[in-house]
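# fold the stuff below for me.
(2 chains, ligands or ions: 1)
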Amino acid sequence: MTLLKKRLKIDKIVIENSVANLPLTAKILKTFEDLPIEFVEAITLSKIGYRPGELIVAQRRGKSIKNCPGTPVYQCCDYYVLNLGIGCFFNCHYCFLHHYMNSPLMIFVNLSELIADVREFCSRRPKRIFRVGSGEFVDSLGLDEIVDFNSILVPELSRIPNLLFEIKTKSKRVDHLLKLDHRGRVVISWSLNPQEIIDEDEPETDSLIDRIKAAARCQEAGYRVGLHFDPMIYYSGWEAGYSEVVDMVFSNLRADRISWISLGALRFNAALKPIIKKKFPGSKLILGELIPGLDKKLRYFLPIRRRMFAVAVKRIRFHTKDVPVYLCMEDAALAADVGASRLSQGDY
Amino acid sequence: MDDQVLSVLSELEKSGIKLNKNHRRDLHELISEISGRDGIDAASVLNDDKEIRELLQNSALNGPKKLERVKDILVGRRYPTYTRARAAFSRKINNLKLDSRIKITPTPFFEDNKITVEFSYESPDGLREVLKSLEKLDKIDLVKEALEDRQDSY
Ligand code: SF4
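Below you'll find the predicted structure:
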């Protein structure tokens, strides 16, 4: 347990009174029983100066499911996000969570309400299949190290007939998922990068081969898996690097159990640049040829993105013609240009 | 600002270039990013560049002109692919020899294929001349061709 606390860098638990008696809260209290605990009436992050190191156990209020933040200019893949908390101890150098540098890790433990919300949301359009993922403001499996969310979410959400639930991660810790009843309606996805990029800019995450082996174990357990080459990073040797990752994927995984592969190039708000520079002075991330896109985010100049996507698609297509490959946050013309498609309902 | 870049900036000032706060910020960013990317020290970013050395010693150029040229060179080195595309785009426009009353602008950073055309005229004859000249545009996909120039180097 000491190891876990060290890894998560948690030194205090703050619990909102309204969730004090929920089962997940009890589990958290047991896990971190030797840490100081504070009970508070209501969590208002904007008002109170919580700090990193505190784990805030809170009630999710308002909508727990929302549209993925696509933009009118760059195409979104029709994705919904289930918000289970905010914060991540993987600390990837490019992560937008660094905007909230001085914030604590916050998790929402009123899971029954969240699940009811998703059920209600999906029931409004029963003929449509909704793709919902939990890895937007957290790493979906990273959270499980604090309290095992997915052992509840997977069996419950997979009962919803028109939902495909995606667990997105850079973790290899899948043991607890293997025996769960997922009813074929849960996709576990890994974000992949060449090992040299993981060493450079995702140093606190699991290695490439460990992620791929974890994906293989999940496939064996009957899950379908998704792969996100996102963010693709331009570096000297990128072409060989990403081609090798694709080859590794197809020599370890069954193509017919891969639901989708997405490609997305590095992009971030300009305000993150000085933060990355200060926090990770050795990182070369910000030194790429990044220009402001139509959404004002910094991204590689278009011909560079095009070339990176084209190389990746070609390599993927060398191994399989069937797995849908789509681009994340790019326009349809670029997708067509590099041989990627728009992910449609029929694909999943 | 780190010391190495500061001393490079003071070298520039010694060659007659006056730097205000914004110039200092922009140059600092360009120099430190080129130096970080290429793994060379900040002084070498300027000293190893023959073109910059020559123009700093050129007494026929005044301070503002030198500053503009140094900045252009550094931007070109920091954003080489974009700079090449921009140059290719201008070359293609120039080659078309459009009527001087026409102004062609691509989407910033060529993020899509759109170009904006502006023109002015003072008489029906003037309009006919402009429209005739605009016809040259339908034979060329300007943005696509500019971006395809030297694709091999990306
Ligand atoms: S794993 Fe995802 S959420 Fe966590 S730090 Fe990395 S990018 Fe951010």
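# C-alpha from now on. contacts and neighbour counts both.
Will do.
# quickly find the element holding residue A:270.
Counting by DSSP states H and E, residue A:270 is held by no secondary-structure element, helix or strand.
# phi, psi for residue A:58 please.
In this entry, residue A:58 is assigned phi and psi values of phi -130, psi 170 (degrees, to the nearest 10).
# is it bridged to anything, and to what?
Using DSSP bridges, the beta-bridge partners of residue A:58 come out as residue A:108.
# that one and residue A:41 touch, don't they?
No: proximity of residue A:58 to residue A:41 does not meet the contact threshold set by CA atoms under 8 Å, at 10.3 Å.
# joint contacts of those two?
Listed as contacting both residue A:58 and residue A:41 by CA atoms under 8 Å, 6 or more residues apart in numbering or on different chains are A:16, A:18.
# neighbour count: those two, which is higher?
Counted by other CA atoms under 10 Å in any protein chain shown, residue A:58 and residue A:41 do not tie: residue A:58 has more neighbours, with 24 against 9.
# for chain A, which residues score under the pLDDT cut-off?
By pLDDT under 70, the low-scoring segments of chain A are A:1-5, A:45-49, A:69-72, A:75-77, A:101, A:345-346, A:348.
# what does it have sitting close to chain B?
A:284, A:287-289, A:291-294, A:301-304, A:307 (CA under 8 Å from any CA of the partner chain).
# repeat that for 6 Å
When proximity is defined by CA under 6 Å from any CA of the partner chain, chain A lies next to chain B at A:287, A:289, A:304.
# quick one: the strands in the stretch 1-150 of chain A?
For the stretch 1-150 of chain A, applying DSSP state E, counting those that start in this stretch gives strands covering A:12-16, A:37-40, A:54-58, A:65-67, A:80-82, A:85-86, A:105-108, A:130-133.
# could you dump those strands to CSV with distance to the ligand?
Rendered in CSV, the data for the strands of the stretch 1-150 of chain A read as follows (distance: least, CA to the nearest ligand atom, whole Å):
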stretch, distance to the ligand
strand A:12-16, 20
strand A:37-40, 25
strand A:54-58, 16
strand A:65-67, 17
strand A:80-82, 13
strand A:85-86, 8
strand A:105-108, 11
strand A:130-133, 13
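# dump the ones you listed into CSV; add distance to residue A:177 as well.
CSV is the format used below for those (distance: least, CA to CA, whole Å):
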stretch, distance to residue A:177
strand A:12-16, 26
strand A:37-40, 30
strand A:54-58, 23
strand A:65-67, 23
strand A:80-82, 18
strand A:85-86, 20
strand A:105-108, 20
strand A:130-133, 16
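# wait, what's in contact with the residue in chain B positioned nearest to the ligand?
Using CA to the nearest ligand atom, residue B:37 is the residue of chain B that sits closest to the ligand, at 23.0 Å. Residue B:37 makes contacts with residue A:287, as judged by CA atoms under 6 Å, 6 or more residues apart in numbering or on different chains.
# so it is in which element?
Take DSSP H and E as the rule and residue B:37 turns out to sit in helix B:21-38.
# next secondary structure after that helix?
helix B:42-47.
# immediately after the top helix by length along chain A, which helix or strand?
Looking only at chain A and at elements set by DSSP state H, the helix with the highest residue count is helix A:302-319. Following the chain from helix A:302-319 toward its C-terminal end, the next helix or strand by DSSP H and E is strand A:325-327.
# could you pull out the buried residues of the helix or strand following that next one?
Elements were assigned by DSSP H and E; along the chain past strand A:325-327, the next helix or strand is helix A:332-338. Residues of helix A:332-338 classed as buried by neighbour count (16 or more other CA atoms under 10 Å in any protein chain shown): A:332, A:334-335, A:338.
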